[in-house]
Structures are given as C-alpha cells and as structure tokens.
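Asks: The sequence and its predicted three-dimensional model are supplied below.
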Amino acid sequence: MRSKIVYIVCVLSVILAFSCKDKQEFKLKGSVENASGETLYLEHIGVSGVAVLDSVKLKDNGSFSFRQPRPEAPDFYRLKLKNQFINIAVDSTEIITVKADVSAGFAKNYMVEGSDNCTRLKELTLLQLQASDAYNRLLAEQRKKPLSAEDFQREVINVTGNYKQEAQKYILQDPRSSAAYFALFQQIDNMLIFDPYEKTDNKMYAVVATSWDVYHGNSVRSKHLHALTMQALKFLRQPQAESSYPGIEVREAISYFEIALPDVNGNIVKLSDVIGQGKVIMLDFSAYQSRFSPVHNMDLGEIYQKYQPKGLEIFQVSLDGDLNFWQNAAANIPWICVRDPENVYSRAAATYNVKELPATFLLNRKGEIVKRIESVQEMEAEVKKVL
C-alpha cells in the first residue's frame, strides 16, 4: 500500500512539473502607497495599441500582484494609475517588484527590482519626460512671442538633443535589448524623437533592427522594426545603403502622402492633382520669412526654369505665420506654392517627418518618393535622374 502511495505522489509530481513548464509566467508585484481605493491596471503595450490585461483595487497597504504568461520575445507592459504610467519590460519568467508612492510621483519616483531592463526603462522615461517638459515650455513661449518657423525648428532640435545623446548610449551598449528598442520609440507631442527618416537617427534604427533580426527575428516587434527601418531607407535612398546597414535591403520607393492647402488666391491645391498630370515633383517645405528663403528660392528658380519644360513641377508648402507677408512674397512665384495655416504645428510637415527647414523631397511620375534632397549641390543631379 505504501509503495502505491509513493508511486501516485511521484506521478502527480511529474504531472505538476510538466503543467508548470507548459504554463510559464512572469510575476509583477509590489505596492503603491497613498492610493487606497484606487484601481491599478496592468496593460500590454502592443505594436498597434494598448490592451488592459488585469486590474486590482488597492487596499490600505497598497499591495498588488499580477501574473501573466511569459512573452515569446521581449515585450512591454505598463502599470497605470489614473493617467500616470510605469513602463515594464519582460523578457522571460522574471519576478519584478515595483514600489511607488502616489504623493511622491507615481511615474517618476518609483523603485524597481528584479529586472535590469526595467531599470533602464525608468532612466529612459525620465529623460523623455525632461525633453517633453522642455518642449512644452517652448510651446508656451511660442504662443506668447512667436518665433519664425526656422528658429522654432532649431529650438525643437536643441530640446531633443540631450535625450538623443543619452539614449544612444543605451542603444549602442546592447542593441538587442528591450531598452534599446524602447529608446527608439519615445515621443514628444506624438512625434518620434528619433526620426527614422533622418540620416543620423536612421543609423540607430538600423543597428537595433539588425540585432533584433538576429536574436528575435520571428517576433512581431522585430518584423515591425525591420519594416519601418527598410521603409525609411527607401525614403532616404542613400548610396551604398545596403553595405552601410547590414541586413536591411533597399528596394522600391514609397508613395506620397496627400497635401491639400490654399494657394495665394485661396484656392485649394492638391498634391494628388499635380501627380495625376504625370510630372516629376519637387515637394519643398519652406518659410518665406526665414533667412534662408531668398537664396533657397533662387536655387529652386534655376532648377525650375531649366527643367520645367521637361516635365518638372515644384509643389512648395510654406509654414509662414504671417499670411499677408507670404501672399506678397509668393505672388510672382512661377511654381505652385501653398501655405499651411497651422504654421510650425503643421500636420503635413509632421507626416513627412520634417523637423528642419528647408526640406525637399523628389517624387517620380508615379507619385513615389524617391529621394530626400539634402543639399543644393545634389538637387539638379537628382532631378535629371528622375526625369
């Protein structure tokens, strides 16, 4: 009888062991002080959105505990209390402990143990919050005493510069890590701080994308990052792009994004209508009140005069804040010139990831963006290639 009992216990132990193995989990636990009666949410941060996984109503001691299936590849979660968040990175079956205090700042002054990646996420979040605060101060000053579009863009670059400088250390230290991926996708005012369509920033995307392809190649995040990096490389069309960024190939161009804005007479002009005429288009973002504008427009004028008869059109988007100034300055411009009344807050410019003026893109006769022109010196050569 005793031997039968021992046998049954052994069998149950084996079954339990396999059951636990099949149901591998990570655990997130801790406490939130001064939050009695509040609801704490655990959310999953997916590539396409955020989903609530679990929640708990905090008691007087503020303790909480969540369990979730371990992700197949590094993934991201967050603790949400009211409108504040603590970012969490999970690689495996780790046990992560978070201690926070609502009165001390839930999203900033918490402690995390059990995960080096979570510690790095906290450091990166604090850098992002500092940049965001500086940007909001800049917006407040802009409303009181408006800067020119050129000066505003320069200030925005200064604001984001410190974050980029520090975040690059996390990326280059371990590009396959959750922290490296997280660093790339931090935003200010719904815009990525690291711009995949900017040469220097794009190299950071390529470094992480290549590493994630090797170590996490089948994950949704790796495939998304690879696609984004490849699309940006198509956009930039840099020479020797394949050798500069191992593992990322450049193929066909990408299609334009629609722009429909008023010209000097108040008529709405659509970029798609011009593309429908089968012309090669230089899409130019500028501001007539900027110091660079006279020389820049002279350069455009020389190109336009020479190649307009061969099928070139210029579609220029002005971000000038002064309507009358722009109308007078653009009255005799021979190419298409429209103005975005949103000025430095232009959604059209944001769609094309324009962060500095002037910015010029070259579209072929199919409306595909084949080049972001970086200098006047390469402008004519690139136009001739597409024509």
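Replies: Right, received. Where do you want to start? Residues are numbered from 1 along each chain as shown.

Asks: got a list of contacts for stretch 369-387?
Replies: Residues outside stretch 369-387 that contact it (Cβ atoms under 8 Å, 6 or more residues apart in numbering) are 197, 199, 235-237, 253-256, 280, 282-283, 299, 303, 306-307, 310-312, 359-365. All C-beta atoms are positioned from the backbone trio N, CA, C, and that covers glycine.

Asks: ignore the last one, stretch 291-302
Replies: With contacts defined as Cβ under 8 Å, 6+ apart, stretch 291-302 is touched by 150, 282, 284, 286-288, 314, 316, 329, 333-335, 357-358, 376, 379.

Asks: In helices only, show me the contacts of stretch 369-387.
Replies: Using DSSP state H to define helices, the subset of the contacts of stretch 369-387 located there is 199, 235-236, 299, 303, 306-307.

Asks: which strands and helices sit next to the helix ranked longest in the chain?
Replies: Taking DSSP H as the assignment, the helix of the chain that covers the most residues is helix 116-144. With contacts defined as 3 or more Cβ pairs under 8 Å, 6 or more residues apart in numbering; DSSP states H and E, the packing partners of helix 116-144 are strand 84-90, strand 111-113, helix 149-173, helix 178-184, strand 187-188.

Asks: can you give me the angle that helix makes with helix 149-173?
Replies: Relative orientation of helix 116-144 and helix 149-173, computed by axes from the mean of the first three to the mean of the last three Cα atoms, to 10 degrees: 180 degrees.

Asks: Give the buried residues for helix 116-144.
Replies: Neighbour-count burial for helix 116-144, counted by 16 or more other Cβ atoms under 10 Å, picks out 117-118, 120-122, 124-125, 127-128, 131-132, 134-135, 138, 142.

Asks: Likewise for stretch 298-313?
Replies: By neighbour count on 16+ other Cβ under 10 Å, the buried set for stretch 298-313 is 299-300, 303-304, 307, 312-313.

Asks: would TSV of these with pLDDT and distance to Asn343 be doable?
Replies: Shown next, in TSV, are the buried residues of stretch 298-313 (pLDDT from 0 to 100; distance: Cβ to Cβ, whole Å):
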residue	pLDDT	distance to Asn343
Asp299	92	24
Leu300	93	21
Ile303	93	26
Tyr304	94	25
Tyr307	93	30
Leu312	94	28
Glu313	95	24
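
Asks: What distance do you get for the residue nearest to the spatial centre of the chain to Ser63?
Replies: For the chain, the residue whose C-alpha lies nearest the mean C-alpha position (Cα atoms, centre = their mean) is Leu192; its distance is 2.9 Å. In this structure, Leu192 and Ser63 are 37 Å apart, going by Cβ to Cβ, to the nearest Å.

Asks: Also Ser36?
Replies: In this structure, Ser36 and Ser63 are separated by 11 Å, where distance is defined by Cβ to Cβ.

Asks: Val354: what secondary structure?
Replies: Local secondary structure at Val354 is given as coil here, using DSSP: H, G, I helix; E, B strand; the rest coil.

Asks: Spatially nearest residue to it, not counting backbone neighbours?
Replies: Setting aside the residues directly before and after it, Val354 is nearest to Phe285 in space (Cβ to Cβ, 6 or more residues apart in numbering), at 4.9 Å.

Asks: Look up which residues are beta-bridged to that neighbour.
Replies: Val317, Ala359 (DSSP bridges).

Asks: residues touching Glu38, list them.
Replies: Applying Cβ under 8 Å, 6+ apart to Glu38 gives the contacts 32, 57-58, 81-82, 102.

Asks: Looking at these, which one is closest to Val264?
Replies: Compare each of those with Val264 using Cβ to Cβ and the shortest gap goes to Lys82, at 48.4 Å.

Asks: Quick one, grab the pLDDT at the spatially closest residue to the closest one that is not a sequence neighbour.
Replies: Spatial nearest neighbour of Lys82, chain neighbours left out: Glu38 (7.1 Å); criterion: Cβ to Cβ, 6+ apart. As summarised for this prediction, Glu38 has a pLDDT of 95.

Asks: hang on, the earlier thing: next one: the residue nearest to Val354 relative to Tyr256, how far apart?
Replies: Distance from Phe285 to Tyr256, by Cβ to Cβ: 13 Å.
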